[in-house]
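Enquirer: Turn this into a model:
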Amino acid sequence: MNVALRTPNRSERSLIRRMMELYLHDFSEFDGTDLDEHGQFGYGDLDYFWFEPTHAAFLVTVDNKLAGFVLVDNEVVLDDSERSITEFFVLRKYRRQGVGQQVATAVFDKLPAKWEVRVITENVPAQTFWRQVIAGYTDNQFEETVLDNEEWQGPVFSFDNNGRTTANHPENS
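Expert: Sure thing, here's the model as predicted:
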């Protein structure tokens with residue numbers, strides 16, 4: 001299985017917008033969101049991920065087939081953090097096969113920073129996923145902070161991968 005991560009061009013924004021509907025469908029199990037009057041969940045403006053230097057979008061492919069996306073920004077809730085995984089989606093057929101771990105590792109390696117990954121309290125499967133992925137990526141050198149305030153409710157995983165090289169994890173080179 002060949003897992004790849006690439007930066008989409010501006011004309012490919014519609015790919016992420018369409019996959020966003022699948023992601024929001026999956027997420028509705030945890031946040032209770034309903035479809036709007038047009039039969040869509042809808043997502044805010046995705047343009048920021050192409051025009052803001054602090055934001056990034058990535059497409060995920062498996063064997064050259066679309067398999068998900070990742071959105072990164074700098075909208076953080078912890079004082080020391082610089083970057084955040086805003087949205088992370090892998091199609092169900094590719095889950096539990098190591099695809100998500102490979103994708104997360106590739107994103108972190110591409111963008112060294114003081115990271116945070118937030119997960120809502122209700123999304124227990126995502127908490128387990130991120131705890132395992134980040135623990136493996138950082139050799140357990142991360143913090144887990146549970147927030148319950150206006151900004152966030154749930155765990156926030158944080159770590160710093162500045163100065164980290166892929167030589168530390170040969171599978172990423």
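
Enquirer: can you give me the offset of the longest helix along the chain from its chain's centre?
Expert: Counting by DSSP state H, the longest helix found in the chain is helix 13-31. Mean-position distance between helix 13-31 and its chain equals 13 Å (CA atoms, centre = their mean, to the nearest Å).

Enquirer: Count the residues that sit near the closest residue to residue 64 other than its chain neighbours.
Expert: Counting by CB to CB, 6 or more residues apart in numbering, residue 2 is the residue found nearest to residue 64 once chain neighbours are left out, at 7.3 Å. In this view, the C-beta of every residue, glycine as well, is placed from N, C-alpha and C. Residue 2 has 8 neighbouring residues, counting by other CB atoms under 10 Å.

Enquirer: on that earlier part again, now the longest helix of the chain: mean pLDDT?
Expert: Mean pLDDT, computed over helix 13-31, is 89.

Enquirer: buried sites along it?
Expert: Within helix 13-31, the residues scored as buried using 16 or more other CB atoms under 10 Å are 16, 19-20, 23-24, 27.

Enquirer: of these, closest to residue 109?
Expert: Set against residue 109, the nearest of the buried residues of helix 13-31 by CB to CB is residue 16 (20.9 Å).

Enquirer: Quickly find the element holding the residue nearest to that closest one when sequence neighbours are not counted.
Expert: Here the nearest residue to residue 16 in space, its sequence neighbours aside, is residue 69; by CB to CB, 6+ apart that works out to 4.9 Å. Using DSSP states H and E, residue 69 sits within strand 65-73.

Enquirer: who does residue 88 bridge with?
Expert: Beta bridges link residue 88 to residue 70, judged by DSSP bridges.

Enquirer: What residues does it make contact with?
Expert: Residues counted as contacts of residue 88 (CB atoms under 8 Å, 6 or more residues apart in numbering) are 68, 70-71, 100, 103-104.

Enquirer: Could you do residue 127 as well?
Expert: Neighbours of residue 127 in contact, by CB under 8 Å, 6+ apart: 119, 154-155.

Enquirer: Please settle this for me: is it part of a helix?
Expert: Yes. Residue 127 forms part of a helix when assessed by DSSP: H, G, I helix; E, B strand; the rest coil.

Enquirer: separation between it and residue 30?
Expert: 11 Å (CB to CB, to the nearest Å).
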